[in-house]
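J.: could you work out the structure for the sequence below:
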Amino acid sequence: MLTQKAEKLRKEVGSPATALGIDDAINEIKEINRTLNKLETEFSSENTRQVKPVRQFYDSKMRKIYDKRNQPKSMYETDSDYKKTC
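T.: A predicted model of the protein is given here:
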């Protein structure tokens, strides 16, 4: 999108730096910054959305392993005895 806009400007007036005045350059920079902020926000939200199921999947697997390791070895062993042996 920005590349196409820059190419269009170059074709129309040559170099954007020489063709645009100070006010136009400031407005162009503000527009570019708005676009970059929008892209960063969209990327962040999409990244969070896609990472969430993966994180939940591995969290559940790790939780199962952790729970297995922390269970008493037999039904006759007390929790305090088990913790002493670990």
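J.: what's the next secondary structure element after the lowest-mean-pLDDT helix or strand in the chain?
T.: Across the helices and strands of the chain, mean pLDDT, DSSP states H and E gives its lowest value to helix 16-19, namely a mean of 58. On the C-terminal side of helix 16-19, the nearest following helix or strand under DSSP states H and E is helix 22-69.
J.: and residue 43, how far from residue 31?
T.: Look at residue 43 and residue 31: by CB to CB, to the nearest Å, they are 19 Å apart. C-beta here means a position set from N, CA and C on the backbone, and glycine is covered the same way.
J.: where does this structure have low pLDDT?
T.: Segments of the chain classed as low confidence (criterion: pLDDT under 70) are 2, 12-20, 72-79, 81-86.
J.: can you do 80?
T.: In the prediction, the chain carries residues with pLDDT under 80 at positions 1-3, 5-21, 68-86.
J.: can you get me the start-to-end distance on stretch 70-80?
T.: Taking CA to CA, to the nearest Å as the measure, stretch 70-80 stretches 12 Å from start to finish.
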